[in-house]
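*Asks:* I'll drop the sequence and a predicted model, then ask my questions.
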Amino acid sequence: MKLKISKTKQEVALNFSRYLAILIANMEEVHIALSGGSTPKIVFDELAANFQTDIDWSGVHLYWGDERCVEPTAEQSNYRMTLEHLISKITIPEENIHRIKGENEPEYEAKRYGAFLEENLPKTNGLPKFDLVILGMGDDGHTASIFPHEIKLWHSEKYCEVAVHADSGQKRVSLTGQVINNADTVVFLVTGESKAEKFKEIKNKSGAYEDYPASLVNPSSGRLLWFLDESAAGITSTQS
Ligand SMILES: O=C(O)[C@H](O)[C@@H](O)[C@H](O)[C@H](O)COP(=O)(O)O
């Protein structure tokens, strides 16, 4: 794993935005799976505010790594968050937005989205291939919507599965491991002190790291980048 450690959450957003601008500039068509959560929200704000002239979105196709089974207008919708903080502020063809339809019956939508990926993404290793999958990591080591108590879903033969949040019982549709690890590049955006313990265990392959779905992210391309702030990287102010 390659680490890009920044002092603050804002600097993570700036550094990743620069990375994304270069990746998009070098490709005519780019298929990107987005993450939900608070860290991507700051990245989207950065992209919308400071990268308007740096990125031509016309060849970019946006997908989601996971979505809550709610209406697209609901507060908890990852699509709604992305629409408010990025899509509504950039020029991107509407037909390039491929949301997971959280309003559909979950099992039906997991099957539909999996079939959509099969039909619309390039293939490598006989599997749909994203150019970039952006992930976060929960305090419990979950990623996308694969939670520790359902880690078996990571190994599913399906491209998408229905997951259930352990505390809220909320259903979610999530990409599974074989699609995530088939991506050309996977980037984790992880910030905040609450992630430091799990990140350290995953980096050092120590403790209960094998119980954390985030530890299973290992793209066959080998391109796995972690964009972290010092808090998540466990660097205290006296060390930096
Ligand atoms: O739908 C979601 O909520 C995300 O896909 C989820 O996996 C998120 O990435 C982590 O919970 C980290 O979220 P933060 O970026 O807020 O720490």
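*Replies:* Received, thanks. Numbers count the residues shown, from 1 in each chain.

*Asks:* C-alpha only now, for contacts and for neighbours.
*Replies:* OK.

*Asks:* can you list the residues of this structure near the ligand?
*Replies:* Within the chain, the residues that sit near the ligand (CA under 6 Å from any ligand atom) are 35-39, 66-67, 135-138, 143-145.

*Asks:* Of these, just say which sits nearest to residue 225.
*Replies:* When the residues of the chain next to the ligand are ranked by distance to residue 225 (CA to CA), residue 135 comes first, at 10.2 Å.

*Asks:* Can you give me the distance of that closest one to residue 94?
*Replies:* 23 Å (CA to CA, to the nearest Å).

*Asks:* So for these two, which sits in the more crowded spot?
*Replies:* Counted by other CA atoms under 10 Å, residue 135 and residue 94 do not tie: residue 135 has more neighbours, with 29 against 11.

*Asks:* Provide the strand pairings for the host helix or strand of residue 162, with the direction of each partner.
*Replies:* Secondary structure from DSSP states H and E places residue 162 in strand 160-164. According to DSSP bridges, strand 160-164 forms sheet pairs with strand 171-175 (antiparallel).

*Asks:* now the strand it pairs with, how far from the chain's geometric center?
*Replies:* 12 Å (CA atoms, centre = their mean, to the nearest Å).

*Asks:* for the record, mean pLDDT for it?
*Replies:* On average, the pLDDT along strand 171-175 is 98.

*Asks:* From the residues of the chain next to the ligand, list just the buried residues.
*Replies:* 35-37, 39, 66-67, 135-138, 143-145 (16 or more other CA atoms under 10 Å).

*Asks:* Make sure residue 226 is indeed in a strand.
*Replies:* Yes - assessed by DSSP: H, G, I helix; E, B strand; the rest coil, residue 226 belongs to a strand.

*Asks:* rewinding a little: of the residues of the chain next to the ligand, which belong to strands?
*Replies:* Mapping these onto strands (DSSP state E) picks out 66, 67, 135.

*Asks:* Can you name the next helix or strand after whatever helix or strand residue 116 lives in?
*Replies:* According to DSSP H and E, residue 116 maps onto helix 106-120. Per DSSP H and E, the first helix or strand lying C-terminal to helix 106-120 is strand 123-124.
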